[in-house]
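Enquirer: got a predicted structure here, sequence first:
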Amino acid sequence: VQRLACLGITGTSKTTATATLNVLAGLKPLEYTVAERAASQFFTIETDEDLRARLSWHLTLTVLKGKTKHRSSVEVANDLADWANLPAWGIQSKIPVSEIEHPAIEANLVGTDEDTQEDSALDTDPQPDRLELYTDASKTKDGPVGIAVVRKQDNIWTTVCERKLPSLNTVFRGELLAIEAALDYAEERVRNEYAIVVKTDSKSGLMAIKDRTNRDSTVARIRRKIREITEPGRDVRLQWVRGHEGIEGNEAADAAAKTAAREGRISEDIYISKQVFKSHFRKEVLKCWQAEWKTGSTGRFTYEIFPEVDTQLKFQGYSTYDTKLLYRAASGHFPVNAFLNKIHRSPTDQCPFCYLRETTTHLMLKCPRFQWMRHRHKALHPFGDAGPTVEEHPTLRKMFTDPGLISLSLDILRTRIDTTKPWAD
């Protein structure tokens, strides 16, 4: 099915290898696309063991490349986590739609000042009748996320909670977990008569909490926690403050979060979100596809032009006719005599102009008939015939990837196709 789609997209010869078609069309092999969906469902379905068993069979066969006999879903989960460098303790899924709060609850659920910053946020002295907590999250480059909650006690900023999250977590999720940690701390240690103010520099986090349609489980836990705290009569307020503006509490929380990211111990009870898992798994699948493309036995001509796989169409912005010419040439199935002779459409494989073997490489780079095109093309000679050259001998890869040289490639291909007898696949 996918092969037919790739042929329709590229318009190249039916004899083109499937691996080549996938790379040119920017379509991952179908088994990897299905594996992404299967893995996502596998980690989020906990009750349907029959479905997990079927997904286990598919994942073992496609991604893990293992045998399917006598393998439990737990074994497959551990192997899949190892294969994708994923934490084995689980994936966080969205809450069911049935658990979303009724809109009438929204007004009493949380009060946020995300649009303005209170003047009291600049005041470093805590109010006697309320507990002020500052939260923040920080992520090291390609590393884990640290979160922290601080409060001022005896004129000293004290870290009351700090955690180190697995590297697959995002700063946004870290900000939400920091708010949740602040509410947990406040609920356990603050008397009923105290008001609770949690200050964060994450406006996106506050907007997610206010959005009653948000189904993220972390957001749902925060909303549930606020409702539980406010039931006895406590006042809870989440407030936005500007980050890196010299606010002592925010700066203290930022420093504590950075320290937690560098020196803390990873909390293994923190699940990664399903969105992060899907993004990471997609990258691992691309690596697997790349390794398969690099070591494959077919499509070696195309590999020299496009050694890296991606999910983008290779030629965009050209006419249908020109796109077809480029795809056929990049696949090694352009109607030069070497190819036509191979499929018994030409009695010889020689170039009709120089009598050397006429391959696509010969046509694009060496044939003397098109030397004048290469010599005068502005991409190779931007200062004219007498000026210096950028590259006397362009590589075949650049002829299909450099926008300036693709027009030269099209001139050569159009001219050559006009001299070729009608042919069909």
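Expert: Received it, and whenever you're ready, just let me know what you need.
Enquirer: for Arg242, grab the count of nearby residues.
Expert: The local packing of Arg242 (other Cβ atoms under 10 Å) involves 13 other residues. Heads up, the C-betas are built off the backbone N, CA and C, glycines and all.
Enquirer: oh sorry, the question was meant for Leu27
Expert: Counted with other Cβ under 10 Å, Leu27 comes out at 18.
Enquirer: helix, strand, or coil at it?
Expert: coil (DSSP: H, G, I helix; E, B strand; the rest coil).
Enquirer: and Val160, by the same measure?
Expert: Taking three-state DSSP, the label given to Val160 is strand.
Enquirer: show me where the stretch 1-150 of the chain dips below the pLDDT cut-off.
Expert: 40-129, 142 (pLDDT under 70).
Enquirer: where's the residue nearest in space to the middle of the chain relative to Leu168, distance?
Expert: Centre of the chain computed as the mean C-alpha position; nearest residue by Cα atoms, centre = their mean is Ser279, 4.5 Å away. Applying Cβ to Cβ, to the nearest Å, the value for Ser279 to Leu168 is 9 Å.
Enquirer: enumerate every residue touching Lys287.
Expert: Lys287 sits next to no residue when contact means Cβ atoms under 8 Å, 6 or more residues apart in numbering.
Enquirer: shouldn't Pro29 be in contact with Trp289?
Expert: Yes - with contacts counted by Cβ atoms under 8 Å, Pro29 reaches Trp289, the gap being 6.5 Å.
Enquirer: wait, is Asp136 part of a strand?
Expert: Yes - counting by three-state DSSP, one finds Asp136 located in a strand.
Enquirer: hang on, isn't it packed against Leu176?
Expert: No - shown here, Asp136 and Leu176 do not form a contact pair, counting by Cβ under 8 Å, at 12.0 Å.
Enquirer: buried ones in stretch 12-30, by neighbour count?
Expert: 12-13, 16-17, 19-25, 27-29 (16 or more other Cβ atoms under 10 Å).
Enquirer: swap in stretch 294-311?
Expert: In stretch 294-311, counting by 16+ other Cβ under 10 Å, buried: 299, 301-303, 305-306, 309.
Enquirer: next: stretch 277-292.
Expert: By neighbour count on 16+ other Cβ under 10 Å, the buried set for stretch 277-292 is 277-278, 280-282, 284-286, 288-289.
Enquirer: ok, now stretch 139-155?
Expert: 139, 144-152.
Enquirer: now those as a markdown table including distance to Arg262?
Expert: Listed next are these as a markdown table, based on distance: Cβ to Cβ, whole Å:
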| residue | distance to Arg262 |
| --- | --- |
| Lys139 | 11 |
| Pro144 | 9 |
| Val145 | 11 |
| Gly146 | 7 |
| Ile147 | 13 |
| Ala148 | 12 |
| Val149 | 17 |
| Val150 | 17 |
| Arg151 | 22 |
| Lys152 | 24 |
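Enquirer: mind listing which of those residues are in helices?
Expert: Judged by DSSP state H, helices contain none of those.
Enquirer: which of those lies closest to Ala208?
Expert: Among the buried residues of stretch 139-155, Ile147 lies closest to Ala208 (Cβ to Cβ), at 15.8 Å.
Enquirer: ok, the residue lying closest to that closest one once chain neighbours are set aside - contacts?
Expert: In space, and not counting its chain neighbours, Ile147 is closest to Ala178: 4.0 Å by Cβ to Cβ, 6 or more residues apart in numbering. With contact taken as Cβ under 8 Å, 6+ apart, Ala178 is in contact with 135-137, 147-149, 200, 253, 257.
Enquirer: tell me where the stretch 101-250 of the chain has helices.
Expert: Along the stretch 101-250 of the chain, counting by DSSP state H, counting those that start in this stretch, helices occupy 106-109, 171-189, 203-210, 217-230, 248-263.
Enquirer: what sits against the nearest residue to Arg282 once chain neighbours are set aside?
Expert: Spatial nearest neighbour of Arg282, chain neighbours left out: Glu36 (6.2 Å); criterion: Cβ to Cβ, 6+ apart. By Cβ under 8 Å, 6+ apart, the contact list for Glu36 reads 278, 281-282, 285.
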